[in-house]
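Asks: sequence and predicted model, in that order:
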Amino acid sequence: MRRLTLVLTLLLATTQIHAEPQELDWLELMPAEDRKALEDMPEISHDTPEADGNFAGKGGLKQQDKNLPAVMYSARTVPALNGREIRLGGYPVPLETDAKGLNTTFFLVPYPGACIHVPPPPPNQIVLVRYPKGIQLEDIYAPLWVDGRLKVEKVSNDLADAAYAIEAAKVERIEEEEQ
């Protein structure tokens, strides 16, 4: 009987070790009040120089329009997600590379070209990814899967404010048939 219990325990542990992390939807990163506010938000004007592709890099992913609804500036998080192993699909905004030219730090955003869209996503829809192994990012319009431990962590730099970070264990391109 003890032997059977030991075998079952080992099988369960092995299954948990090799299981894929739970896929997370971007809206799950927002508290319920923010999701509701986003649903109720009026149409946003994209009539700016940046919308025509005249983007000079000023502001990057940081919110420049101070007249938007509060949800567009929200850095409110979901504390229950802190420390969870997750899988999140999104688009990269490169930040740092290693000596081999591999991207080791980048922001992950929910839609392609977020760094040139107006308005950019709120901080609770921007995730800093740290991936020491690195990945070659040839196309910021090519989606990625990022697997790792999610942290509630406020990150701010010249390009963006993020409310979460991921210590990535694995980063891979999403193949066309998966989209």
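Replies: Yes, it's here.
Asks: list the buried residues of stretch 130-141.
Replies: Arg130, Tyr131, Gly134, Ile135, Leu137, Ile140 (16 or more other C-beta atoms under 10 Å). Any C-beta I mention is one placed from the backbone N, CA and C, and that applies to glycine too.
Asks: can you check stretch 74-81 too?
Replies: Ser74, Ala75, Arg76, Thr77, Val78.
Asks: just the endpoints, please. Distance across it?
Replies: 17 Å (C-alpha to C-alpha, to the nearest Å).
Asks: what is the burial count for Ala114?
Replies: Neighbours of Ala114 under the rule other C-beta atoms under 10 Å: 23.
Asks: specify the local secondary structure of it.
Replies: Here Ala114 is coil, with the state taken from DSSP: H, G, I helix; E, B strand; the rest coil.
Asks: if we can go back for a sec, looking at the buried residues of stretch 74-81, spot the one nearest Glu176.
Replies: Comparing the buried residues of stretch 74-81 against Glu176 with C-beta to C-beta places Val78 closest, at 30.7 Å.
Asks: the closest one contacts Trp26, correct?
Replies: No - with contact defined as C-beta atoms under 8 Å, Val78 does not reach Trp26; the gap is 11.7 Å.
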